[in-house]
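**Student:** dropping the sequence and predicted coords here.
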Amino acid sequence: MILITLVLCAVLAFIFYVYMSNRVLANTLTTLAIIGMLTSIFFLVKNDHDHYGLHNVTTTSTQKIYSASPSKQLPMMIYQSIGTADKHQVYVYKTSATAKKTSHTKAKVTTKNVVKRTTGANRIVTKKVYREYKSDMYSFWFGLTGNGHKYVKETNTIYVNKNWTVLSATQAKKLQKLASSKTFQAKQKTAATAYVKQQVMAAMTKNPSLSATEQKKVTKQAAAAYQAQAMQQLIKQVKAE
C-alpha cells in the first residue's frame, strides 16, 4: 500500500501544481502531497534498511540422517570446507539407509553448522530465521515491498553417535587410499593373524575345554576387534597429517 501511496502522492502533486488555477490552494495541496511522498519514501527506506514493521520468527525442523560412508563398519560424517578461510563447511549425509544419493547442508555464509555427539538418533535439527510482519497493519502497508517472509539465516545442529567418524572430504579420500593400499593390507593381514592367534591361545589357556564352535567365535570377535583398532589408528594418522 505504501508504494501505491508514494505513486499517488507524486501524481497528485503534479496535478495540483500544474492544473489547479487557485495558486494558494494548489500550493497547499502540492505541499501536502510532497510531504506524503517524502513520508512514504522515509518509511520505505526504514522498512528495507532497518526492517521497520518486521520481526524475526524461528522455525525448527528435525531430519534423521544416515552415514554417507559405503562401509557399514565405519559410519561417517563427511564435510567439505567452503572458501579458503575454512570458516564454513558443508556436511554430507544420507536421508535414509537405502538412499543412493547423498544430501548436504546448504553452502551459504548464512548457514551455521554445529556438530555434537549424542547417544540418541543421528539427526539434524535445523532452526531457520525469517523476517515476518509484526501485524496485519504492517503487512497491509508494506506487503508489496516483498520483505515479508524473508530468509535471514539458519543453524544446523548435527547430532551424531560416538561411533561415527567425522572427517573432511580430503581426509576421507586419504583414508580410503591408505586402507586400500597393498602395503597396508599386507601388513594388517600379518598383524591380524598374530593378534587373533594370541587371543585364541589366551582364551584356550583360560578355558582348555573350549569347543571348536567357541574357538571360531573367539576368532571372529578377535578379527573384528583388531580391524576396528587398526582403522582407528589409521584415522588418527590421517587426522594428524
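**Tutor:** Nice, I can see it. Residues are numbered from 1 along each chain as shown.
**Student:** mind giving me the domain ranges of the chain?
**Tutor:** Domain assignment for the chain, taken from automatic domain parsing, gives 2-50, 55-135+146-167, 181-240.
**Student:** okay, the ones you listed in TSV with mean neighbour count, distance to Lys173 and mean pLDDT next?
**Tutor:** (Each C-beta comes from the backbone N, C-alpha and C, glycine too.) Formatted as TSV, those follow (neighbours: other C-beta atoms under 10 Å; distance: least, C-beta to C-beta, whole Å; pLDDT from 0 to 100):
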stretch	mean neighbour count	distance to Lys173	mean pLDDT
domain 2-50	14	45	92
domain 55-135+146-167	15	9	89
domain 181-240	13	10	83
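**Student:** between those domains, which one is nearest to Lys174?
**Tutor:** domain 181-240 (5.2 Å; C-beta to C-beta).
**Student:** pull the number of nearby residues for Ala172.
**Tutor:** Residues near Ala172, counting by other C-beta atoms under 10 Å, number 22.
**Student:** contact partners for it?
**Tutor:** Contact partners of Ala172, counting by C-beta atoms under 8 Å, 6 or more residues apart in numbering, are Ser69, Met76, Ile78.
**Student:** narrow those residues to those in strands?
**Tutor:** Met76, Ile78 (DSSP state E).
**Student:** quick one: the contacts of Ala172 as a markdown table, columns for distance to Arg117 too.
**Tutor:** Converted to a markdown table, those look like this (distance: C-beta to C-beta, whole Å):
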| residue | distance to Arg117 |
| --- | --- |
| Ser69 | 17 |
| Met76 | 14 |
| Ile78 | 16 |
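**Student:** can I get the domains of the chain in CSV with distance to Lys174?
**Tutor:** Output for these, formatted as CSV (distance: least, C-beta to C-beta, whole Å):
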stretch, distance to Lys174
domain 2-50, 48
domain 55-135+146-167, 9
domain 181-240, 5
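**Student:** helix/strand/coil for Tyr17?
**Tutor:** Per DSSP: H, G, I helix; E, B strand; the rest coil, the local secondary structure of Tyr17 is helix.
**Student:** chain neighbours aside, what residue packs nearest to it?
**Tutor:** Computed as C-beta to C-beta, 6 or more residues apart in numbering, the closest residue to Tyr17 that is not its neighbour in sequence is Thr30, at 4.5 Å.
**Student:** could you say what helices and strands the helix or strand harbouring that neighbour packs with?
**Tutor:** Using DSSP states H and E, Thr30 sits within helix 23-49. With contacts taken as 3 or more C-beta pairs under 8 Å, 6 or more residues apart in numbering; DSSP states H and E, helix 23-49 sits against helix 2-19, helix 136-142.
**Student:** could you check the angle it makes with helix 2-19?
**Tutor:** Put simply, helix 23-49 runs at 160 degrees to helix 2-19, going by axes from the mean of the first three to the mean of the last three C-alpha atoms, to 10 degrees.
**Student:** next one: the helix or strand following helix 23-49 to chain centre, how far?
**Tutor:** Heading C-terminal from helix 23-49, the first helix or strand you meet, by DSSP H and E, is strand 54-64. Distance of strand 54-64 from the chain centroid (C-alpha atoms, centre = their mean, to the nearest Å) equals 13 Å.
**Student:** all good on my end, thank you.
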